[in-house]
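> Next come a sequence and a model predicted from it.
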Amino acid sequence: MEQIEVAIVGGGPAGAYCAFELAKKGIYATIFDDSHPREKPCGGGISPLVIKKFPFVEQFHSKGNISAGFKIISPKNREVVVREEGFNVSRRYFDEGILKMATENRAKLIRERVTDVEKKQNFWKIKTNRRIVSTKILVGADGVSSLVRRKTIGPIPRENLGLEYGYIATGIEKEYTTMKFLDEIPGYIWIFPRDNHSSIGIGSELGYGNRLKKLLDDFIRSYCPQIRVISRFAAMLPLAKNPDFFMLPCAGVDWVLVGDAAGHVDPITGEGILYALWSGKLAAEVIKRNELKSYDRLWREEYGNSLRENCARRDTFYNPLMIELRLFWLLETRPILGHHAK
């Protein structure tokens with residue numbers, strides 16, 4: 001049986017960036033993934049905080065859409081456009097770029113789907129549809145339905161899951177990046193213009209899943225009926241409702257979870273790219289030191305407490321009255337490009 005030092009299950013931003021950071025430290029991981037890069041069902045927004053924390057993402061500007069403004073639409077259809085330094089990019093292009101960074105620095109990519117992982121004495125046995133290998137260290141970067149998570153601490157509880165539904169479309173590439181809050185459910189509709197297409201979608205808690213399509217389609221009919229749909233998407237995402245979710249372990253003596261597999265997504269905004277990169281970097285640090293259990297302390301100190309606090313204030317954040325009040329506050333305190341009240 002082939003033996004490897006570090007196996008990363010999943011080649012999205014969390015797994016690929018972990019492999020890249022490991023390669024910089026002289027550890028050449030093997031990534032198992034049969035699907036990346038692909039057009040992931042999300043907005044593809046690169047926030048100012050991502051750019052500040054990980055300046056290398058600036059290289060993806062050339063295939064992105066840089067918007068001078070960020071439009072917020074309240075449940076009562078009050079519109080405010082604020083200045084925001086970020087950009088939107090195709091997830092296929094973004095994910096491919098980070099994966100290429102890893103493989104060009106001697107990480108190995110095996111384009112096979114992992115079907116099982118099992119702890120055997122001091123090694124993890126990894127089974128794909130073509131081979132069985134063993135590894136000393138296992139990194140779970142395999143998304144919200146992570147096999148590695150199921151085999152270590154169990155799946156993400158349903159109460160801490162969300163659902164997103166939407167379209168890849170054309171016809172709104174000149175729109176501002178837009179977030180439309182809703183009266184009916186705690187969540188929002190987004191428009192993320194990209195290079196030659198846009199992502200328009202809606203996200204909320206899993207329990208509201210059967211309402212998402214109608215709410216989104218109603219919005220499109222009234223706001224941007226000119227769009228042409230290229231494809232549809234629907235996917236689950238981590239969306240913690242219980243703050244104690246962030247007290248669950250994400251590491252053991254020889255395993256670690258990163259990105260969506262760890263559930264590291266902002267419970268309010270649904271932003272995951274920042275925490276995918278951040279968790280991948282921290283995982284590489286603890287692997288290099290052979291102190292994997294210290295990962296839980298590190299991620300909680302650096303961003304976990306913030307995620308927990310956002311989880312606790314999620315209901316207040318999505319209260320329609322509070323959203324209206326925040327827009328008034330923005331008008332008073334932020335540089336405004338424009339505003340409109342209906």
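Cool, got the structure.

> pLDDT score for Arg83?
pLDDT recorded at Arg83 is 81.

> same deal with Pro55?
pLDDT, Pro55: 96.

> same thing with the one 10 residues further on?
The confidence metric pLDDT takes the value 69 at Asn65.

> just the one 4 residues further on next, same as before
The confidence metric pLDDT takes the value 82 at Gly69.

> name the element it belongs to?
Per DSSP states H and E, Gly69 falls inside strand 64-73.

> Could you list the buried residues of stretch 300-309?
300, 303-304, 307-308 (16 or more other C-beta atoms under 10 Å). Heads up, the C-betas are built off the backbone N, CA and C, glycines and all.

> Dump these into TSV; add pLDDT, secondary structure and distance to Phe246 as well.
Below are the buried residues of stretch 300-309 laid out as TSV (pLDDT from 0 to 100; DSSP: H, G, I helix; E, B strand; the rest coil; distance: C-beta to C-beta, whole Å):
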residue	pLDDT	secondary structure	distance to Phe246
Arg300	98	helix	7
Tyr303	98	helix	10
Gly304	97	helix	5
Leu307	98	helix	6
Arg308	97	helix	4
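
> Could you work out the most separated pair of these?
Using C-beta to C-beta, the buried residues of stretch 300-309 reach their maximum pairwise distance at Tyr303 and Arg308, which is 9.8 Å.

> correct me, but Tyr295 touches Cys250?
Yes - if you go by C-beta atoms under 8 Å, Tyr295 and Cys250 touch, sitting 6.5 Å apart.

> Would you mind listing the residues touching both of the two?
Common neighbours of Tyr295 and Cys250, using C-beta atoms under 8 Å, 6 or more residues apart in numbering, are Val256.

> all helices of the stretch 151-300 of the chain, in order?
Using DSSP state H, counting those that start in this stretch, the helices of the stretch 151-300 of the chain run over 212-223, 273-289, 295-299.

> can you pull the alpha-carbon coordinates of the last one into CSV?
Only the C-alpha atoms of helix 295-299 are listed here, as CSV (Å, rounded to 0.1, in the frame of the first residue of the first chain):
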residue,chain,number,x,y,z
TYR,A,295,-5.3,24.1,15.7
ASP,A,296,-8.5,24.5,17.7
ARG,A,297,-6.9,27.1,20.0
LEU,A,298,-5.5,29.0,17.1
TRP,A,299,-8.6,29.3,14.9
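
> ok, residues contacting that helix?
Counting by C-beta under 8 Å, 6+ apart, 249-251, 256, 262, 264, 278-279, 282-283, 285-286 sit against helix 295-299.

> One more pass at 10 Å, please.
Here helix 295-299 makes contact (C-beta atoms under 10 Å, 6 or more residues apart in numbering) with 246-252, 255-258, 262, 264, 275, 278-279, 281-283, 285-287, 291, 304-305, 307.

> rewinding a little: what residues do Tyr303 and Arg308 have in common as contacts?
Phe246.

> now stretch 228-237, how far from the centre of its chain.
15 Å (C-alpha atoms, centre = their mean, to the nearest Å).

> For Gly26, give its distance to Arg106.
9 Å (C-beta to C-beta, to the nearest Å).

> Identify the residue nearest Asp39 in space, chain neighbours excluded?
One thing to correct before we go on: residue 39 is Glu, not Asp. Arg92 (4.5 Å; C-beta to C-beta, 6 or more residues apart in numbering).

> Now name the helix or strand holding the one you found.
Per DSSP H and E: helix 91-103 holds Arg92.

> now for the helix or strand just after that helix, which elements pack on it?
Later in the chain than helix 91-103, the nearest helix or strand by DSSP H and E is strand 108-110. Secondary-structure packing of strand 108-110 (3 or more C-beta pairs under 10 Å, 6 or more residues apart in numbering; DSSP states H and E): strand 2-9, helix 13-24, strand 30-32, helix 91-103.

> Can you tell me what sits against the helix or strand just after strand 108-110?
Note on strand 108-110: by DSSP H and E, the next helix or strand toward the C-terminus is strand 114-120. Applying C-beta under 10 Å, 6+ apart, the external contacts of strand 114-120 come out as 1, 7, 9-10, 32-34, 124-130, 132-135, 138, 140, 142, 147-148, 150-152, 252, 254-255.

> could you check the angle strand 2-9 makes with strand 114-120?
Per axes from the mean of the first three to the mean of the last three C-alpha atoms, to 10 degrees, the angle that strand 114-120 makes with strand 2-9 is 120 degrees.

> and strand 114-120, which residues are buried?
By neighbour count, with 16+ other C-beta under 10 Å as the criterion, the buried positions of strand 114-120 are 114, 117.

> Pairing partners for that strand, with directions?
Using DSSP bridges, strand 114-120 pairs in its sheet with strand 123-128 (antiparallel).
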